[in-house]
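*Asks:* show me how the following folds:
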Amino acid sequence: AISKTTEQYLQEGIAIYEKRLQHYCKFNRIEIPDLKNAKSLSKDQQKQKEAELILSKISNQDFVVLLDERGKEYSSMQLSAELNKWMNQSISSVVFIIGGPYGFDQSLYFLIICF
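*Replies:* Residues are numbered from 1 along each chain as shown. The predicted structure follows:
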């Protein structure tokens, strides 16, 4: 995710779900800090810099899912079915990416499934 979650109630909810997930899979949350001097950058420059930071955190073996407002919308049951399908395909590492306030740089779309 780009930026830290600052709202206490959201942090508590995240902690609850992280604890639940630990029973089913290995889970790791990575938060990329806000860009320094972001106000001096255009929206496209910010997205490009965020993309560089994101790409530095993923590997070629990762199955990457971009959580994007233009992507498909899934119910909990549909998402569960997708996760099950990926597990059956022997995908060992699924990475969900939450972008910054302006969305994602185009460079990320070529290797990512959008949800």
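*Asks:* wait, doesn't Lys4 sit right on Glu31?
*Replies:* Yes. Between Lys4 and Glu31 there is a contact at 5.2 Å, judged by C-beta atoms under 8 Å. C-beta: built from backbone N, CA, C; applies to glycine.
*Asks:* what ranges does this protein have for its strands?
*Replies:* 63-67, 94-98, 113-114 (DSSP state E).
*Asks:* ranking the ones you listed by mean pLDDT, which is last?
*Replies:* With a mean of 56, strand 113-114 has the lowest mean pLDDT of those.
*Asks:* just the buried residues of stretch 13-33, please?
*Replies:* By 16 or more other C-beta atoms under 10 Å, the buried positions in stretch 13-33 come out as Ile32.
*Asks:* for stretch 51-61, same thing?
*Replies:* Ala51, Ile54, Ile58.
*Asks:* I'd like to know how many residues surround Leu79.
*Replies:* Burial of Leu79 is recorded as 14 neighbouring residues (other C-beta atoms under 10 Å).
*Asks:* circling back to that earlier point, I'd like the strands of the chain as CSV, with distance to Asp105 appended.
*Replies:* Conversion of the strands of the chain to CSV gives the following (distance: least, C-beta to C-beta, whole Å):
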stretch, distance to Asp105
strand 63-67, 11
strand 94-98, 11
strand 113-114, 13
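*Asks:* any idea how far Glu50 lies from Ile58?
*Replies:* Going from Glu50 to Ile58 by C-beta to C-beta, to the nearest Å gives 13 Å.
*Asks:* swap in Arg29?
*Replies:* Taking C-beta to C-beta, one finds Arg29 at 14 Å from Ile58.
*Asks:* do the same with Tyr102
*Replies:* Separation of Tyr102 from Ile58 (C-beta to C-beta): 20 Å.
*Asks:* would you map the helices across the protein?
*Replies:* 8-21, 43-57, 76-88 (DSSP state H).
*Asks:* quick one: the ones you listed as a markdown table, columns for distance to Arg70 and mean pLDDT too.
*Replies:* What follows is these, written out as a markdown table (distance: least, C-beta to C-beta, whole Å; pLDDT from 0 to 100):
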| stretch | distance to Arg70 | mean pLDDT |
| --- | --- | --- |
| helix 8-21 | 23 | 92 |
| helix 43-57 | 14 | 91 |
| helix 76-88 | 17 | 91 |
